[in-house]
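Undergrad: have a look; sequence and predicted model below, questions after that.
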Amino acid sequence: MKLYRILFEKVFDPIALYKVDEDRIIFLDVNPAYERVMKLSRDDVIGKAFYEVWPNAEPRWSRVIRECLTQKKTAHCIGESLDVNSYLEAIAFPIQPDMAAVIFLDRTKLKRSDNALRQRQNQLRALAAKLTITEEETRRNIASDLHDRLGYELVSQLRVLREIASELDSESSIKDSIQKLINSTENIIAENRSLIFELSPPVLKEAGLNPALEELAKNILEPDKIQWQIITKGSAEEFIADDSICVILYRMARELLINAVKHSGASKVNIIINRKPEIITVAIEDNGTGMLKTSSKGFGLFSIQERLLALGGNLKIISEQGKGLMAVMTCPLKLKDGEIFHGNKNIIS
């Protein structure tokens, strides 16, 4: 008994002993650490009911005491205690059928560190999403310059060359050279258009997400002879998504389609676009080899998940090895005020 008192009084963490009946939880004893942390005198609590001492206490603190006696084993809870302005962890364990001891551990610093880490993670996610959207804006500006400046010059050059060719005699010595220049210019124009599409497809800006994904599938899947189809639910006119949301979903869908081509061995891909009030979902489904659980946390999927989380969305992978894979991206239709961009700046006009 003497050893018990020494341990009880010398422990740095608050400990309280309680006797429990059907209606009340009575304080039997508290150690000096309890008095110090809870800012109460031992004489003020001994023999009093729990809610006499703590009338505004959160229910979890009394519930854990009863729980350990009911289950006849250690019980645990953790949460904010407004009475002592701390984040506490309570570990309760039975002593006798109607007696319990509870040790309180102060987790306030740990909680603050956890909150700070979570805040930093959210900031990094937001930064990743901003980078994707800013990258799209830069891509769009470069694509616009290529189209408006280089594209027009090339078309103008091609027209002049064709005029020259039409005026030359069929036996002219430079006829073949002019034709070679015409062919070369046509190839450059085609390459320029392809580059513009890869940088930033005009259809995403001009027609919206659904046609852009259709064009994307055609360019990525058809060269590898992969069959595909677009399945849509919900009207794009009725459920309009923010421009930034469309940009992120388009870029992430592109990564998933490229993964399907490179790694899945799929012969068929479905692109499912589902719009409903407040939510848009884009799913990429293939009939490929699927994915092992151990490989489901690759950097590519992690990167997609982080960008979606920054928008209030998420990524869900449904896969079984040998039975294909479905990657489901879900986002809100609208960004909340202050998310990604402040003010009313939009990527797409």
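TA: Perfect, I can see it now. Because the structure is predicted, anything quoted here is derived from the model rather than measured.
Undergrad: residue 212 and residue 202 touch, don't they?
TA: No. At 9.1 Å, residue 212 and residue 202 do not qualify as touching, with contact defined as CB atoms under 8 Å. Placement of C-beta: from N, CA and C, glycine included.
Undergrad: for burial, what's the neighbour tally of residue 279?
TA: 15 (other CB atoms under 10 Å).
Undergrad: before we move on, what about residue 109?
TA: The tally of other residues near residue 109 (other CB under 10 Å) stands at 10.
Undergrad: cool, and the one 5 residues further on?
TA: The burial metric for residue 114, expressed as a neighbour count using other CB under 10 Å, is 12.
Undergrad: got a pLDDT number for it?
TA: The model reports residue 114 with a pLDDT of 82.
Undergrad: the one 10 residues further on too?
TA: In the predicted model, residue 124 carries a pLDDT score of 76.
Undergrad: what's the answer for the one 3 residues further on, then?
TA: In the prediction, the pLDDT value recorded for residue 127 is 76.
Undergrad: from the contact counts, what lies against the helix or strand hosting it?
TA: Residue 127 belongs to helix 108-145 when assigned by DSSP states H and E. Using 3 or more CB pairs under 8 Å, 6 or more residues apart in numbering; DSSP states H and E, the elements in contact with helix 108-145 are strand 86-96, helix 175-199, helix 243-259, helix 299-310.
Undergrad: so which of those is nearest residue 131?
TA: Minimum separation from residue 131 across the helices and strands packed on helix 108-145 (CB to CB) falls at helix 299-310, 8.7 Å.
Undergrad: could you point out which element follows that closest one?
TA: Next along from helix 299-310, by DSSP H and E: strand 314-319.
Undergrad: now residue 32: phi and psi?
TA: Main-chain torsions, residue 32, degrees, to the nearest 10: phi -60, psi -30.
Undergrad: what about it, distance to residue 300?
TA: Per CB to CB, to the nearest Å, residue 32 is found 56 Å from residue 300.
Undergrad: list the contacts of residue 240.
TA: residue 333 (CB atoms under 8 Å, 6 or more residues apart in numbering).
Undergrad: what about it, distance to residue 252?
TA: Distance from residue 240 to residue 252, by CB to CB: 19 Å.
Undergrad: kindly report the domain assignment for this protein.
TA: As assigned by automatic domain parsing, the chain contains the domains 2-106, 120-200, 207-349.
Undergrad: now the ones you listed as TSV including distance to residue 113?
TA: Converted to TSV, these look like this (distance: least, CB to CB, whole Å):
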stretch	distance to residue 113
domain 2-106	11
domain 120-200	10
domain 207-349	21
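Undergrad: nearest to residue 114, out of these?
TA: Counting by CB to CB, residue 114 lies closest to domain 2-106 out of the domains of the chain; the figure is 9.4 Å.
Undergrad: rewinding a little: ok, and which of the helices and strands packed on helix 108-145 has the densest surroundings?
TA: helix 243-259 (a mean of 22; mean count of other CB atoms under 10 Å).
Undergrad: which SSE is immediately downstream of it?
TA: Moving toward the C-terminus from helix 243-259, the next helix or strand (DSSP H and E) is strand 268-276.
Undergrad: chain center to that following strand: distance?
TA: On the basis of CA atoms, centre = their mean, to the nearest Å, strand 268-276 sits 19 Å off its chain's mean C-alpha point.
Undergrad: quick one, the helix or strand that that strand is followed by and strand 268-276 angle?
TA: The first helix or strand that comes after strand 268-276 along the chain, using DSSP H and E, is strand 279-286. Calculated by axes from the mean of the first three to the mean of the last three CA atoms, to 10 degrees, strand 279-286 forms an angle of 170 degrees with strand 268-276.
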